[in-house]
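Student: Just need the structure, nothing else, for what follows:
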Amino acid sequence: MSRTVMVEGLPGSGKSTTARGIAAWLAGQRVEVEHWPEGRTDHPVDFEQVAVLSAADLHAWQSESPATSRALLGAAEPFGDVWLVRYQARPGLPPDLVERLRRRDAYDGDVPVEVHTRVLTDSWRRFGATEPHAVQVWECVLLQNPGCALVARADRPVDVLRRHVEGLVEAVRAHHPALVYLDTGDPGPALERAAAERPTGWLESVIDYHTSQGLGLRCGYRGFDGYVEFMRRRREMELQILEGLDLPMLVLPVGDGRWDEHTSAIRAFVADHVGLDLDGSGVGLPEPLPVA
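Tutor: Sure, this is the predicted structure:
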């Protein structure tokens, strides 16, 4: 029976390391598994670096020149009443066209919220109608990415985000989704560690993203302190949504850094969800998961 395990949490909570560890451990138990890290342009439900064009957009752009028309004909794919262009996966596209497509990116471009939520939900529904044989391990696609689109960019209230997230869960209900949520507690210390470990460009980028638009702009957040305050609001919203979300979940308070215990709890939860019979020979992942 199909199973999906999603991993969520604030930056610095250890999402990527945890998701990778879950997939590695399942593979070691001879469970067929597919791990989809954050940022995969070929993700089965998410749209990373994918442009969303209306039919009118596509036809208008194609009429501009034969070269643009040929490029779009080879790259655009129909998706309901819109067209998708996976521009990052198309290295042969003209640079000027790629730049225009970036401005229509599903997450970071000029795409109306209503179009974004409808198209993403449809993507999840399409996956829900498939019959994958491998356990799916996803990260960031249930809470983080929708929160970026609906709150960080569009400043929609938490109820809008909640309804969207609930719709995503229902869309893949046939694949028995479960959630591992890594709760850092107050995000300040985790974000300070992440800032120290990651390139300066990353910190500048995330500060700008969370303070120059949407909720951050309306609230007047500035600099690193504003970024931390945004994440406090995000944590509050995510925990509020989790309270009423109908799916198996494990919420782990990882701020204490006790990863030996946390990885044991993760393995036990995942094993129970996928129907893996633990033999008592140890309950940790292959190695303790550091915060990443």
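
Student: Need the residues that contact the helix or strand encompassing residue 71.
Tutor: If you go by DSSP states H and E, residue 71 is part of helix 66-75. For helix 66-75, the surrounding residues in contact (CB atoms under 8 Å, 6 or more residues apart in numbering) are 58, 61, 62, 63, 85, 86, 87, 90, 92, 93, 94, 97. C-betas here are computed from N, CA, C, even on glycine.

Student: Are any of those residues buried, and if so which?
Tutor: 58, 61, 62, 85, 86, 87, 90, 93, 97 (16 or more other CB atoms under 10 Å).

Student: how about the strands of the stretch 101-250 of the chain, start to end?
Tutor: 135-139, 177-183, 249-253 (DSSP state E, counting those that start in this stretch).

Student: Show me where the stretch 151-292 of the chain dips below the pLDDT cut-off.
Tutor: Scanning the stretch 151-292 of the chain with the threshold set as pLDDT under 70 gives 279-292.

Student: Please, which helix or strand holds residue 5?
Tutor: Using DSSP H and E, residue 5 sits within strand 4-9.

Student: Only the C-alpha atoms, please, for that strand, written as PDB.
Tutor: Output in PDB follows, covering the C-alpha atoms of strand 4-9 (Å, rounded to 0.1, in the frame of the first residue of the first chain):
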ATOM      1  CA  THR A   4       4.000   9.200   1.800                       C
ATOM      2  CA  VAL A   5       6.200  10.800   4.500                       C
ATOM      3  CA  MET A   6       6.500  14.500   4.500                       C
ATOM      4  CA  VAL A   7       9.100  16.400   6.600                       C
ATOM      5  CA  GLU A   8       8.500  20.000   7.600                       C
ATOM      6  CA  GLY A   9      10.000  22.600  10.000                       C
END
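
Student: just the angle between whichever helix or strand comes after that strand and strand 249-253, please?
Tutor: Following strand 4-9 in sequence order, the next helix or strand is helix 15-28 (DSSP H and E). Calculated by axes from the mean of the first three to the mean of the last three CA atoms, to 10 degrees, helix 15-28 forms an angle of 130 degrees with strand 249-253.

Student: what's the average pLDDT for helix 15-28?
Tutor: Helix 15-28 shows an average pLDDT of 96 in the prediction.

Student: Mind listing what's buried along it?
Tutor: Buried residues in helix 15-28, counted by 16+ other CB under 10 Å: 15-27.

Student: what pLDDT, on average, does the helix or strand immediately after that helix in the chain get?
Tutor: Next in sequence after helix 15-28, counting helices and strands by DSSP H and E, comes strand 33-36. For strand 33-36, the mean pLDDT works out to 96.

Student: Strand 33-36 pairs with which strands?
Tutor: Applying DSSP bridges, strand 33-36 is found paired with strand 135-139 (parallel).

Student: Spit out the contact partners of the nearest residue to residue 8 once chain neighbours are set aside.
Tutor: Setting aside the residues directly before and after it, residue 8 is nearest to residue 143 in space (CB to CB, 6 or more residues apart in numbering), at 4.5 Å. Going by CB under 8 Å, 6+ apart, residue 143 touches 8, 165, 181, 238, 241.
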